[in-house]
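In: what follows is a predicted protein model with its sequence.
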Amino acid sequence: MNVKTPLLLLCLLCFFSCNPIKTKNTVKLIGTWQLLSATTVENGKTTETDYTKGRRMIKIINDTHFAFLNHQLNMPKDSSNHFDGGGGRYILKGDAYTEFLEFYKDRNWEGKSFNFKVSIKNDTLIQTGVEKVEGAGIDRIITEKYIRIKSN
C-alpha cells in the first residue's frame, strides 16, 4: 500500500469530522405557486374545487413567511370580486410544514397554526393537512395541488 493513501484517508477523515453535516429540508418551497385544485373532506363529504376556471390563487413563500392571494378572474360589475388573502410565518422540517396564520380577513383564523405534509414532484407541490378553526365552525382535511410559477 502506498504511504500517500493512509495520509489522504486521514486528511479526509479530519476534514469531514470538523465540518458537521447540515440537514437540509428535502422539500424546496421557496417560490411562487399557483393553486390548481383543492380537495376538501368535511363531515364525510368530499368537495373538489378547480382553481383553473374562473379564479386564480397564488401562494408566495420566502425563507420565513408565506402569503396567499385569491380572486375571481371575471370581475363582476359591482365591487364583490371576492378577493381573499392572508399570510404569516411558517416552519418546514423535512416534509412537515406548519403555517402560522398572522393575517386574514376573518379574525377567527388569525393566530392559528395549521400542520401539513408537503411533497414536490417536478414543479408540482402537494400540501395535505387539517384546517380546524372552532370560531368559524371549520374542521376539515384539505389537499391542495400547486404548480410552480417560473420566472421569466
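Out: Arrived safely, thanks for sending. Numbering: from 1, shown residues only.
In: drop to CA atoms for contacts and neighbour counts, all remaining ones
Out: OK.
In: low-confidence ranges, the chain, go.
Out: Residues of the chain meeting the criterion pLDDT under 70: 1-27, 76, 78-81, 152.
In: again, only using 50
Out: By pLDDT under 50, the low-scoring segments of the chain are 10-23.
In: quick one, strands of it?
Out: In the chain, the strands defined using DSSP state E lie at 31-42, 45-50, 55-61, 65-72, 84-93, 96-104, 112-121, 124-133, 138-148.
In: who are the packing partners of the second one?
Out: Of the remaining helices and strands, those touching strand 45-50 by 3 or more Cα pairs under 8 Å, 6 or more residues apart in numbering; DSSP states H and E are strand 31-42.
In: and the angle from the strand it packs on to strand 55-61?
Out: With axes from the mean of the first three to the mean of the last three Cα atoms, to 10 degrees as the basis, strand 31-42 and strand 55-61 are set at 120 degrees to each other.
In: so the closest residue to residue 28 other than its chain neighbours versus residue 136, what's the distance?
Out: Using Cα to Cα, 6 or more residues apart in numbering and skipping the chain neighbours, the partner closest in space to residue 28 is residue 120 (7.7 Å). Spatial separation of residue 120 from residue 136 under the definition Cα to Cα, to the nearest Å is 30 Å.
In: quick revisit: okay, the strands of the chain in JSON lines with mean neighbour count next?
Out: Formatted as JSON lines, the strands of the chain follow (neighbours: other Cα atoms under 10 Å):
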{"stretch": "strand 31-42", "mean neighbour count": "19"}
{"stretch": "strand 45-50", "mean neighbour count": "12"}
{"stretch": "strand 55-61", "mean neighbour count": "19"}
{"stretch": "strand 65-72", "mean neighbour count": "18"}
{"stretch": "strand 84-93", "mean neighbour count": "17"}
{"stretch": "strand 96-104", "mean neighbour count": "18"}
{"stretch": "strand 112-121", "mean neighbour count": "17"}
{"stretch": "strand 124-133", "mean neighbour count": "18"}
{"stretch": "strand 138-148", "mean neighbour count": "18"}
